[in-house]
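Q: Quick one, fold the following:
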Amino acid sequence: MNIAIFSIVSELHDPQAVEAVTHETLSALSVDYIFCGDDFQSYGAHDLDIIMVCTGGTEGVFKRLLPMLREKSQKPFYLLASNKSNALPASIEILSYLQINGLQGEILHGQAPYISSRIRHLVQVSQAMLRLSQARLAVIGQPSDWLIASHADYALVREKLGVNLLDIPMSELIALVKTMPVEKPSLTADNPSVQEALPGAQCIYSALKSLVEKYQLDGFTLRCFDLLDAVHNTGCLALAKLNAEGYVAGCEGDVPTMLTMMVARVLFGCSGFQANPASVNVETGEILFAHCTIPLNMVHRYELDTHYESGIGVGIRGYMQEGPVTVFKLSGDLSRSFVAEGELIRNQSEPDLCRTQQVIRLADAADAQYFLQNPIGNHHVVIPGHVKDVIGEWWDNLN
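A: Okay, the predicted model is just below:
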């Protein structure tokens with residue numbers, strides 16, 4: 001974490017008393033930081049810049065500094081205030097002034113563990129925003145024909161997220177798959193047809209990895225069903241492996257879901273499980289999510305089966321650790337998001353569904369109504385852990 005703490009002080013206060021309070025406040029924080037004092041030359045050059053309001057009577061000092069601070073950074077202002085020397089009243093006045101002038105900010109105040117946790121969250125979001133602004137994502141092919149609500153405005157995505165989107169023709173991938181050397185698979189499957197399909201699935205993985213390297217991609221979404229006719233195989237195994245390797249690898253050319261997965265990647269280090277809600281119980285808040293692939297690093301074990309809809313190729317039946325999860329989705333125009341916490345209560349393997357199947361009980365059963373009344377497309381992303389607060393922080397920062 002790259003954190004800098006600056007300070008503003010009123011000349012009316014005793015310097016030794018101010019220094020003692022400053023030391024007491026900062027030494028209690030369980031985060032690493034650089035203390036810059038009243039030297040604001042490097043302001044805006046860190047993951048998080050914090051202004052410690054050391055005393056009352058600093059409102060005018062801040063107002064004089066504001067034009068210079070705005071030149072250095074367009075981020076919100078974070079004011080650290082102790083409960084001594086009238087630091088909090090001055091911070092409240094400063095924050096009110098910022099808001100009157102259409103600027104954003106927040107006061108970091110309270111017990112040291114809370115402030116430290118809040119700082120870590122803010123740094124996490126700041127780093128994620130930076131990584132998004134540097135990301136390159138691709139749509140290989142076009143969104144599948146049935147995804148009539150799952151497109152995105154490339155220019156708007158660039159403007160709001162900083163993400164560069166590019167199109168790669170499906171023909172380029174298919175031609176590449178056919179040139180890949182066929183190797184003996186390292187994996188085994190009980191089903192003979194799946195075992196026979198494994199070398200072809202590995203060729204799809206190698207071809208996709210080649211495109212990732214050629215175009216220097218952080219991720220992509222693939223019009224994967226075109227592979228069924230073109231090479232008589234599926235991309236499920238390739239996507240599962242590439243997601244586990246740190247890339248975002250989405251299905252069906254679904255751009256909003258790819259963006260959702262990319263946000264999960266930069267915030268939490270995992271792409272998440274892209275899945276369809278196969279059934280919804282609005283009374284219990286239980287939702288069955290299913291898809292034929294899942295990142296291999298999200299499961300404690302997995303089995304190889306055929307792709308559900310086609311009955312060919314290689315699909316993944318993954319078993320994720322039961323426990324806390326978060327369901328997340330962004331809209332293609334980035335005007336809406338859905339995020340809900342819950343518990344993965346069981347994995348299952350019914351034969352009439354996509355191979356990886358998770359039953360998730362939402363913490364607030366009322367959230368289940370969203371899927372039936374106001375959904376953002378059919379695919380959603382399941383992320384391990386309860387991370388709604390961090391996603392909310394990122395969303396607020398984006399908007």
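Q: What segments of the chain are helices?
A: Using DSSP state H, the helices assigned to the chain run over residues 15-27, 59-72, 87-100, 112-133, 154-161, 170-177, 192-214, 226-230, 236-244, 255-268, 369-373, 388-398.
Q: Go through these and name the closest to residue 285.
A: Of all the helices of the chain, it is helix 369-373 that lies closest to residue 285, at 9.4 Å by CB to CB. Placement of C-beta: from N, CA and C, glycine included.
Q: tell me which residues of the closest one are tucked away?
A: For helix 369-373, burial by neighbour count (16 or more other CB atoms under 10 Å) applies to 370, 371.
Q: Return the mean pLDDT over that helix, rounded to an integer.
A: Helix 369-373 shows a mean pLDDT of 97.
Q: can you list contacts of that helix?
A: With CB atoms under 8 Å, 6 or more residues apart in numbering as the test, helix 369-373 has contacts from 277, 280, 282, 287, 338, 340.
Q: who wins for neighbours among the residues you listed?
A: Within the contacts of helix 369-373, most neighbours by other CB atoms under 10 Å means residue 287, with 25 neighbours.
Q: Including distance to residue 353, could the helices of the chain go into JSON lines?
A: What follows is the helices of the chain, written out as JSON lines (distance: least, CB to CB, whole Å):
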{"stretch": "helix 15-27", "distance to residue 353": "54"}
{"stretch": "helix 59-72", "distance to residue 353": "53"}
{"stretch": "helix 87-100", "distance to residue 353": "50"}
{"stretch": "helix 112-133", "distance to residue 353": "33"}
{"stretch": "helix 154-161", "distance to residue 353": "32"}
{"stretch": "helix 170-177", "distance to residue 353": "27"}
{"stretch": "helix 192-214", "distance to residue 353": "17"}
{"stretch": "helix 226-230", "distance to residue 353": "18"}
{"stretch": "helix 236-244", "distance to residue 353": "14"}
{"stretch": "helix 255-268", "distance to residue 353": "19"}
{"stretch": "helix 369-373", "distance to residue 353": "16"}
{"stretch": "helix 388-398", "distance to residue 353": "27"}
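Q: These: which one's closest to residue 142?
A: It's helix 170-177; of those, that one is closest to residue 142 (CB to CB) at 7.8 Å.
Q: Contacts for the closest one next, please.
A: Residues outside helix 170-177 that contact it (CB under 8 Å, 6+ apart): 140-142, 203-204, 207-208, 210-211, 222-223, 226-227, 230-231.
Q: Domain-wise, how is this protein divided?
A: 3-127, 136-398 (automatic domain parsing).
Q: Point out the most buried one among those domains.
A: Comparing these by mean neighbour count (mean count of other CB atoms under 10 Å), domain 136-398 comes out on top with a mean of 19.
Q: Span of that one from start to end?
A: Taking CA to CA, to the nearest Å, domain 136-398 runs 18 Å from one end to the other.
Q: what do you get for stretch 362-379?
A: Using CA to CA, the two ends of stretch 362-379 sit 17 Å apart.
Q: got it, and stretch 266-277?
A: Start-to-end, stretch 266-277 (CA to CA) is 24 Å.
Q: pLDDT on it, on average?
A: On average, stretch 266-277 scores 95.
Q: now swap in stretch 68-78 and tell me
A: 93.
Q: And stretch 19-36, by the same measure?
A: pLDDT averaged over stretch 19-36 gives 92.
Q: again, but for stretch 121-141
A: 93.
Q: Check the offset of that stretch from the chain's centre.
A: 8 Å (CA atoms, centre = their mean, to the nearest Å).
Q: can you check stretch 48-58 too?
A: Distance, centroid of stretch 48-58 to centroid of chain: 31 Å (CA atoms, centre = their mean).
Q: quick one, the worst-scoring helix or strand of the chain on mean pLDDT and helix 87-100 angle?
A: In the chain, no helix or strand scores lower on mean pLDDT, DSSP states H and E than helix 15-27, which sits at a mean of 86. Relative orientation of helix 15-27 versus helix 87-100 (axes from the mean of the first three to the mean of the last three CA atoms, to 10 degrees): 70 degrees.
Q: Residue 388 against residue 341, yeah?
A: Yes: between residue 388 and residue 341 there is a contact at 4.9 Å, judged by CB atoms under 8 Å.
Q: tell me, what's touching those two both at once?
A: residue 326.
Q: What is the longest strand of the protein by residue count?
A: strand 337-348 (DSSP state E).
Q: Convert the C-alpha atoms of that one to PDB, please.
A: Listed next in PDB are the C-alpha coordinates belonging to strand 337-348 (Å, rounded to 0.1, in the frame of the first residue of the first chain):
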ATOM      1  CA  SER A 337     -25.200  -2.600 -10.400                       C
ATOM      2  CA  PHE A 338     -26.500  -5.500  -8.200                       C
ATOM      3  CA  VAL A 339     -24.600  -6.800  -5.200                       C
ATOM      4  CA  ALA A 340     -26.000  -9.200  -2.500                       C
ATOM      5  CA  GLU A 341     -24.300 -11.300   0.100                       C
ATOM      6  CA  GLY A 342     -25.300 -14.800   0.900                       C
ATOM      7  CA  GLU A 343     -24.100 -18.300   1.800                       C
ATOM      8  CA  LEU A 344     -23.200 -21.100  -0.600                       C
ATOM      9  CA  ILE A 345     -25.200 -23.800   1.200                       C
ATOM     10  CA  ARG A 346     -24.500 -26.700  -1.200                       C
ATOM     11  CA  ASN A 347     -23.000 -27.800  -4.500                       C
ATOM     12  CA  GLN A 348     -25.000 -30.200  -6.500                       C
END
